[in-house]
Each structure stands twice: as structure tokens, then as C-alpha cells.
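Asks: Let's see this in three dimensions:
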Amino acid sequence: MTGPAAPRLDVRVRRSIHDIDAADWDACAGADNPFARHAFLAALEDSGSATDETGWAAQHLAVEDPAGDVLAVAPLYLKSHSYGEYVFDHGWADAFERAGGRYYPKLQCAVPFTPVTGPRLMPRRDLAPEARARAQDALVAAMIEVCRRAAASSVHVTFPGEDEWRRLGAAGFLPRTGCQFHWTNPGYRDFDNFLAALSARKRKAVRRERRAVAEAGIVIETLTGDAIKSTHWDAFFACYIATSEGKWGIPYLTRAFFERLGETLAENVVLVLAARDGRVIAGALNLRGGSTLYGRNWGALEFHRFLHFELCYYRAIDFAIAEGLARVEAGAQGAHKIARGYLPERTYSAHWIAHEGLREAVARFLEQERAAVDEDIAFLGTVAPFRKGGGSEPG
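Replies: Below you'll find the model as predicted:
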């Protein structure tokens, strides 16, 4: 005998994050990763940062049972460019279009402007394992169907967890890997205890860098929650704009985004500001998750040697130790982080490409790239700054 048939699942495409109830979305996303939460995606949309006009047209997916209850969700966007993703496919787009193809629009399952690993295929946390898997499979199938209906070239799921990455690979998505640098906390008592785990040369270098910032007459404060006022966001945004315009030309995030972030996710925000002669000259924005501090945005009005390291890396470590957090993820790229105790970690993405020729070419490229990433991570692991035989254990 066979058991009762599983209930039919319907997948709805929602053109705004507000078309999915916040409680329903967060019942799927959970609270550990702040970027997956409804409030963060709403802040991006409502502030004008991620909208149709900026090339991020919402196509969010919601899996529903026959009663209309939401069982799973996925953040999905129809995109007219490849900016703000941090998993680069510009070369694929150029090659395809030179060959007469049309790469845009494409679909992106991601959190805009956020190179942070987190859930992408998000079933309700209270579902049984079999039901969770079925809902995730429904999301994957729906992405491919939306891609076909929109006449898009491809679907890209960026920065998923490893389990999701493997599920996507089993569904025919091409697997890709990358590398970031994360700091882990085995239980340090304080920053000096962390320094004691480093080799003598690296320990001296870190102390010299921190001392140089202090001797420059720079005063640094770390603000959280309700302590962050609108004037602090004004100061930080001025720094963010100055650096973003210099680096990329067009800042991704609006002033309204940061204000909204402070209003709706205040308990997750950790803002580090540096002032000289009473004027804020630099800032670093972090978001706190369940066990991880995520470094996100940085900006400065003045250049001071080592100030970036102090605000983005050392103050993040200070905060994580004080709060008992297990990790600091300091953002994309940057092998220079290794000398500051941040070690290489693999990241993931998965790609479904409609055109057979482009798919075959990308598959060959990714096979070679994965091998190169593995080699890089293995090598970088040999130049860790910790004392030989001591690892990163607290002293």
C-alpha cells in the first residue's frame, strides 16, 4: 500500500517583498542571518536601492499549500545588469553577446549588494525534512520556469549554503566556488588573548597598526541599537558616499536605506565611527546575526594609515570577543586579511544557463576555476599568522 499523496504545492511570483507577509517570510528565513529577513529586503526596496528602476525587479517566490499557507520562500530578482552581486559573470555576458546572444535579462537569487553566505531556498523551519526538501525542489523548478517565461538567459543563486549548493547541483545547476576570509573565535578572553595566538612578528605588526591609529588623535566608538541616531547615519553616509563614488562611481545604497535599517533592524546594527577633532571621518557598518558579526560597508573622508584595518577588522574582533560571537565575516575578497587573523573559507554559487553552447563553455570554465580556488585556499592556509603548533586556540 502507498501512503496518502502529498498535497499540491503552488509557487507564486511576488513583485514586491511586501506581497509576502513579513511573519510568513521570517518563519522561513529564521533570525540567524539578518540579510535573509523580510525587514532587510524591505529596506532595500523601500529606500529605492533595489527596485525595477535600479535593475533589481523583484520576482520573489512563495511556495503555498492548497490552503494558501506559505511553506517556503526565495529572494529572486530579474536583472538588467551584473552589478552589486560579487560573483562575477561579466565575461560570460560579453562572450555570449559577442556571439550574437542576449545575456540580459537574467534571474538572480540573492540578497542585493550583500556577499554574505545565507539561506536562499528557505522552507519553514517547522516542516518535516521530507516536506522541506519538497518545498525546496519546488522553488528550484519555479526559478527555471520563471527564467523560461521571462526569456531570460540564466538563473544565478549566489552565496547559498553548501547544502543548498549541492541540491542545486543535483537539479542541473553548474557549481561554482569562491573564497572569503573569516575570523573564528574559539573562546578568546580579550583581544590580547587573541594576539597571544599569533606569531611574534604578526603580533607586533597588529599592535603597531592599532597604535598608529590611536596616536593620530582618532577617537573611535562602537554604537548599537537605539544608541545610533539620525546624525550618526548622516555622518556614516557621507563617508560611504565619498568612498563609493571614488571606487565604483555610483553608490548602490541610498541614505534612506541606512535610516530604515536603523529603524527596523536596530538590534542587529553595529556601527563603528572614527572621529578626529570632533568630526566623523570614517565608519564601518556591521550587522549582527545569531553567532556571527558581518562586516558590510565602509567609508572614509580622510586617509589615515591602518584606519581601515582598525575599524573593519580589529574593532569587529573586539566586539565579537566581548559578545561571545563565534565568527566575523568581513566581506568579499582581500587576502591581506590573513595577516590580521582572518582565514580562507570557501563560498558557493550555482548557475542554470538556458543556451546549450554557453552552458557548455561556462561548465568548462568553472571546472578549471574550482580547481584553482581549491589550490588557492590550500596555499593560503599555509600562511596563517598563528603560532606554529598553537593554531588559533586561546592561551
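
Asks: roughly how far is the helix or strand that contains residue 78 from the heart of the chain?
Replies: The secondary structure element spanning residue 78 is strand 77-79 (assigned by DSSP states H and E). Computed by Cα atoms, centre = their mean, to the nearest Å, the separation of strand 77-79 from the middle of its chain amounts to 17 Å.

Asks: what does stretch 260-277 give?
Replies: 18 Å.

Asks: All the helices of this protein, in order from the start?
Replies: Using DSSP state H, the helices of the chain run over 22-29, 38-46, 90-98, 129-149, 162-170, 191-196, 200-215, 230-247, 255-264, 307-309, 315-323, 356-380.

Asks: Check what contacts the strand holding residue 78 and list those residues.
Replies: With Cβ atoms under 8 Å, 6 or more residues apart in numbering as the contact definition, strand 77-79 has outside contacts at 50, 55-59, 104-110, 112, 150, 152. Where you see a C-beta, it was placed from the backbone N, CA and C, and this is true even at glycine.

Asks: at 6 Å what do you get?
Replies: The list of residues contacting strand 77-79 from outside it, by Cβ atoms under 6 Å, 6 or more residues apart in numbering, reads 55, 56, 57, 59, 105, 106, 107, 108, 150.

Asks: likewise stretch 343-362?
Replies: Contacting residues not belonging to stretch 343-362 are listed as 87, 92, 96, 117, 144, 153-158, 160, 165, 168, 173-182, 377, 380, 384 [Cβ under 6 Å, 6+ apart].

Asks: Quick one: mean pLDDT over it.
Replies: In this model, stretch 343-362 has an average pLDDT of 97.

Asks: ends of that stretch, how far apart?
Replies: With Cα to Cα, to the nearest Å as the measure, stretch 343-362 spans 28 Å from end to end.

Asks: Equivalent analysis for stretch 282-300, please.
Replies: When the termini of stretch 282-300 are compared using Cα to Cα, they are 4 Å apart.

Asks: what's the answer for stretch 12-21, then?
Replies: Its first and final residues considered, stretch 12-21 spans 13 Å by Cα to Cα.

Asks: To residue 330, which of the helices of the chain lies closest?
Replies: helix 315-323 (6.5 Å; Cβ to Cβ).

Asks: could you give the angle of the closest one to helix 200-215?
Replies: 100 degrees (axes from the mean of the first three to the mean of the last three Cα atoms, to 10 degrees).

Asks: C-alpha coordinates for stretch 174-194, PDB please?
Replies: Coordinates of each C-alpha in stretch 174-194 appear next as PDB, following Å, rounded to 0.1, in the frame of the first residue of the first chain:
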ATOM      1  CA  LEU A 174      26.500  24.500 -12.600                       C
ATOM      2  CA  PRO A 175      28.500  24.600  -9.400                       C
ATOM      3  CA  ARG A 176      30.900  27.500  -8.700                       C
ATOM      4  CA  THR A 177      33.100  28.200  -5.700                       C
ATOM      5  CA  GLY A 178      34.900  31.300  -4.400                       C
ATOM      6  CA  CYS A 179      36.900  32.400  -1.400                       C
ATOM      7  CA  GLN A 180      36.400  34.800   1.500                       C
ATOM      8  CA  PHE A 181      38.300  35.400   4.700                       C
ATOM      9  CA  HIS A 182      36.600  34.800   8.100                       C
ATOM     10  CA  TRP A 183      37.800  35.100  11.700                       C
ATOM     11  CA  THR A 184      36.800  32.500  14.200                       C
ATOM     12  CA  ASN A 185      36.600  32.700  18.000                       C
ATOM     13  CA  PRO A 186      37.500  29.600  19.900                       C
ATOM     14  CA  GLY A 187      36.800  31.400  23.200                       C
ATOM     15  CA  TYR A 188      39.300  34.300  23.500                       C
ATOM     16  CA  ARG A 189      39.100  36.300  26.700                       C
ATOM     17  CA  ASP A 190      40.000  39.600  25.100                       C
ATOM     18  CA  PHE A 191      42.000  41.000  22.200                       C
ATOM     19  CA  ASP A 192      45.300  40.400  23.900                       C
ATOM     20  CA  ASN A 193      44.400  36.800  24.300                       C
ATOM     21  CA  PHE A 194      43.800  36.600  20.500                       C
END
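
Asks: for the record, mean pLDDT for it?
Replies: Mean pLDDT, stretch 174-194: 97.

Asks: Deepest-packed of the helices of the chain, please.
Replies: Neighbour counts (mean count of other Cβ atoms under 10 Å) averaged over each of the helices of the chain peak at helix 38-46, with a mean of 22.

Asks: chain center to that helix, what's the gap?
Replies: Averaged C-alpha coordinates place helix 38-46 at 15 Å from its chain's average position (Cα atoms, centre = their mean).

Asks: Which strands or helices does it pack on?
Replies: Contact partners of helix 38-46 among helices and strands, from 3 or more Cβ pairs under 6 Å, 6 or more residues apart in numbering; DSSP states H and E: helix 22-29, helix 255-264.

Asks: quick revisit: please produce CSV containing the helices of the chain, extended by distance to residue 289.
Replies: CSV is the format used below for the helices of the chain (distance: least, Cβ to Cβ, whole Å):
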stretch, distance to residue 289
helix 22-29, 12
helix 38-46, 11
helix 90-98, 30
helix 129-149, 21
helix 162-170, 17
helix 191-196, 20
helix 200-215, 25
helix 230-247, 20
helix 255-264, 14
helix 307-309, 23
helix 315-323, 11
helix 356-380, 23
